[in-house]
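1. here are the coordinates; sequence isn't available:
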């Protein structure tokens, strides 16, 4: 099968990507390439993929240039489609599908974000060539009325790339995209109240409100106890995850999934998370970490984290969140999408 993967236009696709959608694209494309499919990834120049990279342009050097860059991204993809044929387009950009009703190729659009994060999309008038999937049962429930919904596929990770480590160091970890809804400021507060060292690691995306949040809420609070690692490499991320005593996820939005929670558990590291969205589908409360409803409960859970067995964390990921399982599930969805397309053409 010839598959075109469409990435988010502002960031590289690589195993070191800060965004979950970019990480998931990298992992899924790797699995499909290994299964013998001919994969092309439309993404920013400098991305690292396993099949072929089709560069749609450079990452912008200025903030707040999404609309301009997105137009360039879409134009490049349409140029590619005019010169080459594909069996399927898997859109993980969050935007291409919304203006692609005229594209003569079946499209699977993965909704990585909560439904409220797509204010400009009318899910009830999508083109017949466009199919939608979610990434968790919780998220799929909120998309249940969408006519083109073809189901949901739980995310997965390449477990073999995450080293299990039973012995942990004496620091907490927050890892991801630096923005207010991901709430690293609450991770800082939990670390301060519990008296623990905290490492924040991630990337500030090129939006003024993200940069302002970092300057206002994070940077002034960095000190010997609270440290920040900007845009860690995959090896740096792996080292941080495997040695942390716990990963904190104080997210203030209804998360549709959490790759970083899967990655931490694969390393044997417990996860302490807010009870938001699909996070309870991933973290087994009292087994692979703790699910909490307040900052006070997060602080209390930090003191109990030594009760979580690292082996149980790893076992849950091996059982539920492998990349091979995810790829098999997507292969089935791809066939469903292609079958639907053939049926409509007839």
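-> Good, I have the coordinates. Quantities reported herein were computed from a predicted structural model and do not represent experimental measurements.
2. pull the helix or strand with minimum mean pLDDT from this structure.
-> When the helices and strands of the chain are compared on mean pLDDT, DSSP states H and E, helix 323-345 comes out lowest with a mean of 86.
3. Residues touching that one, excluding its own?
-> 1, 3, 27-28, 30-32, 35, 87-88, 90, 106, 108, 128-129, 131, 133, 150-151, 153-159 (C-beta atoms under 8 Å, 6 or more residues apart in numbering). All C-beta spots, glycine's among them, are computed from the backbone N, C-alpha and C.
4. Do you have the helices of the stretch 201-346 of the chain handy? List them.
-> 208-213, 234-243, 259-266, 279-282, 295-303, 310-320, 323-345 (DSSP state H, counting those that start in this stretch).
5. Please work out which of those helices is packed deepest.
-> Among the helices of the stretch 201-346 of the chain, helix 259-266 has the highest mean neighbour count (mean count of other C-beta atoms under 10 Å), at a mean of 28.
6. Mind listing residues that contact that one?
-> For helix 259-266, the external contacting residues (C-beta under 8 Å, 6+ apart) are 20, 23-24, 155-157, 159, 162, 164, 173, 175-176, 237, 241, 244, 247, 249, 270-271, 273, 279, 282-283, 288-289, 313-314, 316-318, 321.
7. follow-up on the earlier one: tell me which entries of the contacts of helix 323-345 lie within strands.
-> Counting by DSSP state E, the contacts of helix 323-345 place 3, 88, 90, 108, 131, 133, 150, 151 in strands.
8. Tell me who's in contact with the last one.
-> By C-beta under 8 Å, 6+ apart, the contact list for residue 151 reads 133, 134, 140, 333, 336.
9. Present those residues as a markdown table; the columns should include distance to residue 119.
-> Output for these, formatted as a markdown table (distance: C-beta to C-beta, whole Å):
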| residue | distance to residue 119 |
| --- | --- |
| 133 | 20 |
| 134 | 18 |
| 140 | 20 |
| 333 | 26 |
| 336 | 28 |
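10. Tell me the one of those residues nearest residue 191?
-> Proximity of the contacts of residue 151 to residue 191 (C-beta to C-beta) peaks at residue 134, which lies at 32.9 Å.
11. Surely the closest one touches residue 149?
-> Yes. Between residue 134 and residue 149 there is a contact under C-beta atoms under 8 Å: 7.4 Å.
12. Of those two, give the one with the bigger neighbour count.
-> residue 134 (26 against 16; other C-beta atoms under 10 Å).
13. quick one on the thing from earlier: narrow the contacts of helix 259-266 to those that are buried.
-> 20, 23-24, 155-157, 159, 162, 164, 173, 175-176, 237, 241, 244, 247, 249, 270-271, 273, 279, 282-283, 288-289, 313-314, 316-317, 321 (16 or more other C-beta atoms under 10 Å).
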